[in-house]
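**Q** sharing a sequence plus its predicted fold:
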Amino acid sequence: MEEAIVLYPSPQIGHLISMVEFCKLILTHQPSLKIHILNPPPPYGADSTAPYISSVSATVPSITFHQLPTINLSISSSRHHESLVFETLRLNNPNVQNALLSISKNYNIISFIMDFFSTPAFEVATALNIPVYYFITSGAGCLSFTLYFPTIHKKTTKSFKDLDIRIDIPGIPPIPSSDMPKPLLERDDEVYKFVLDFATILPKSAGIIVNTFEALEPRPLKAIGDGQCVPDSPTAPIHCIGPLIATSDRSGGGSTGDSIPECLTWLDSQPSKSVVFLCFGSLGLFTVEQLKEIAIGLERSGQRFLWVVRNPPAENQSVAIKALSDPDLNSLLPEGFLDRTKQRGLVVKSWAPQIAVLNHDSVGGFVTHCGWNSILESVCAGVPMVAWPLYAEQRLNRVLLVEEIKIALPMVESENGFVNSAEVEKRVRELMELEQGKSIREQTIAMKHAAMAALSEGGSSYVALDKLIESWKHK
């Protein structure tokens, strides 16, 4: 019977992309392996995965997608979009079991690789005697926190939002309690409870696959390897196989067919390393007031810029859980802003081909929401960052980027999360023309070269993946 692996990502596009890139990498080492991906239905319509899946299916025949049935959700009591994902994947367990049984009729499943959101399926695969691995779409610093989370939980009865302290976590700088992942700030939130369950199960898996590389995060990887993050029991083996990023941009609102997006043509006319790129992920949104402050800060900075603007959130949402129409820029931005800055700036509606933009010679800086995929894309392009976290674990990522890895400057917000125009102006200027930007630029370029070395034959990530694939043969 042919051997196969089965992957179970969460439905968010960023999580899916890094898992698919992992599959492509596996096939370069083991071309005969059959790969099946269970594709859960998205609980919200922020960013369709269908075009991306169609593209992969057409170009990589060894990967087979299995669309799981749609789940009807009741209204969640949590205010976090993560709870919708957790609930969808929990209710999908019977469908996951059916899919695994069906695949097992024709293949010997040698590993089942899950996203952390997919934790409810751990018991399903275990009951079928299939080895379970976790694929971590964040970095080793975030993994260090996750593994240590049950220990932190035992040390206090208070919510993170009420602590007002810096929390010591092995292998990373002390993290302000207010910078903990947003859904974990309140101890009684259902997402907090889910992550606690996940963090307890994670060390018991057959292995933990991380989208990072040793040179980027040596300290947290050493702390995990030394057993500091799970002090009372063994930790599953860690496999650093990154950086995994998409080789090209998935389809989006910026272009059709083979036409070149306007923003890339515009970048062709700009001087080398002169443009700061502002883009905030598939879920990140700003209020009208915040958009105006960004505009004022950019104008006063005097820097060239390429800025992706999306419609503001409705109903006090902080993330885009519904598909958005293109914004009316004239109504959202300060009067006359577009005319006054048209010689040195371009505002793009809703979407831009981020990988192509970051790798363009004209781009010299990136203001980012600190999603891990975006961080790795910036590292691989050698572009330094300003870290402006918006949701999920991104505030923790900011601490890691600024204090540990030293490849970003921090965007500092007020207590209510608002960033004024003076802060935008200051950080953009520091990034593009002052000494602070020069030092992180040099470190980012060093990490770019280290990333290339890690993925090359004989590099740390190349060897780690070889060892992982070899281990599957002996399960």
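**A** That came through fine. Only a predicted model underlies this, so the values are computations on that prediction, with no experimental measurement involved. Residues are numbered from 1 along each chain as shown.

**Q** tell me the centre residue of this protein?
**A** Residue closest to the average C-alpha location in the chain (C-alpha atoms, centre = their mean): Trp372, at 3.4 Å.

**Q** what's near enough to touch that residue?
**A** Trp372 is in contact with Gly14, Ser18, Thr137, Ser138, Gly139, Cys142, Asn211, Asn397, counting by C-beta atoms under 8 Å, 6 or more residues apart in numbering. Placement of C-beta: from N, CA and C, glycine included.

**Q** can those residues go into JSON lines with extra columns for pLDDT and secondary structure?
**A** Below are those laid out as JSON lines (pLDDT from 0 to 100; DSSP: H, G, I helix; E, B strand; the rest coil):
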{"residue": "Gly14", "pLDDT": "85", "secondary structure": "helix"}
{"residue": "Ser18", "pLDDT": "89", "secondary structure": "helix"}
{"residue": "Thr137", "pLDDT": "94", "secondary structure": "coil"}
{"residue": "Ser138", "pLDDT": "96", "secondary structure": "coil"}
{"residue": "Gly139", "pLDDT": "97", "secondary structure": "coil"}
{"residue": "Cys142", "pLDDT": "98", "secondary structure": "helix"}
{"residue": "Asn211", "pLDDT": "97", "secondary structure": "coil"}
{"residue": "Asn397", "pLDDT": "98", "secondary structure": "helix"}
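
**Q** tell me the confidence at the residue nearest to the centre of the chain?
**A** If you check Trp372, the pLDDT there is 96.

**Q** quick check: of the contacts of Trp372, which has the highest neighbour count?
**A** Gly139 (30 neighbours; other C-beta atoms under 10 Å).

**Q** so what's the nearest residue to it once chain neighbours are set aside up against?
**A** Distances taken as C-beta to C-beta, 6 or more residues apart in numbering place Thr212 nearest to Gly139, at 4.6 Å, with adjacent residues excluded. By C-beta under 8 Å, 6+ apart, the contact set of Thr212 is Gly139, Ala140, Leu221, Cys240, Gly242, Pro243, Leu376.

**Q** my guess is Thr212 is in a helix, correct?
**A** No: checked against DSSP: H, G, I helix; E, B strand; the rest coil, Thr212 lies outside a helix; its state is coil.

**Q** re earlier: and the residue nearest to the centre of the chain, how far is that from Ser111?
**A** 22 Å (C-beta to C-beta, to the nearest Å).

**Q** which pair in the contacts of Trp372 spans the largest distance?
**A** Using C-beta to C-beta, the contacts of Trp372 span at most 14.7 Å, a distance reached by Ser18 and Asn397.

**Q** all strands for the stretch 251-400 of the chain, in order.
**A** 275-279, 304-309, 345-349, 363-368, 385-387 (DSSP state E, counting those that start in this stretch).

**Q** dump the third one to CSV, restricted to CA.
**A** Once side chains and other backbone atoms are set aside, the C-alpha atoms of strand 345-349 remain, and they are given as CSV (Å, rounded to 0.1, in the frame of the first residue of the first chain):
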residue,chain,number,x,y,z
GLY,A,345,3.3,58.1,-2.8
LEU,A,346,0.7,55.6,-4.0
VAL,A,347,-2.3,54.4,-2.2
VAL,A,348,-3.7,51.0,-3.3
LYS,A,349,-7.2,49.8,-2.6
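
**Q** so what strands line up beside it?
**A** Here strand 345-349 has these sheet partners by DSSP bridges: strand 304-309 (parallel).

**Q** any weak-confidence spans in the stretch 51-200 of the chain?
**A** 75-79 (pLDDT under 70).

**Q** in TSV, list the contacts of Trp372 along with distance to Thr287.
**A** What follows is the contacts of Trp372, written out as TSV (distance: C-beta to C-beta, whole Å):
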residue	distance to Thr287
Gly14	23
Ser18	29
Thr137	28
Ser138	27
Gly139	29
Cys142	27
Asn211	31
Asn397	22
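
**Q** I'd like to know which of the residues you listed is nearest to Glu293.
**A** Among these, Asn397 lies closest to Glu293 (C-beta to C-beta), at 22.6 Å.

**Q** ok, the closest one - contacts?
**A** So Asn397 contacts Ser138, Gly139, Gly141, Cys142, Cys370, Gly371, Trp372, Ile375, Ala387, Pro389 (C-beta under 8 Å, 6+ apart).

**Q** could you redo the last one with a cut-off of 7 Å?
**A** Each residue near Asn397 by C-beta atoms under 7 Å, 6 or more residues apart in numbering is listed here: Cys142, Cys370, Trp372, Ile375, Pro389.

**Q** now do Arg427
**A** Contacts of Arg427 by C-beta under 7 Å, 6+ apart are Val386, Leu409, Met411.

**Q** done for today, thanks.
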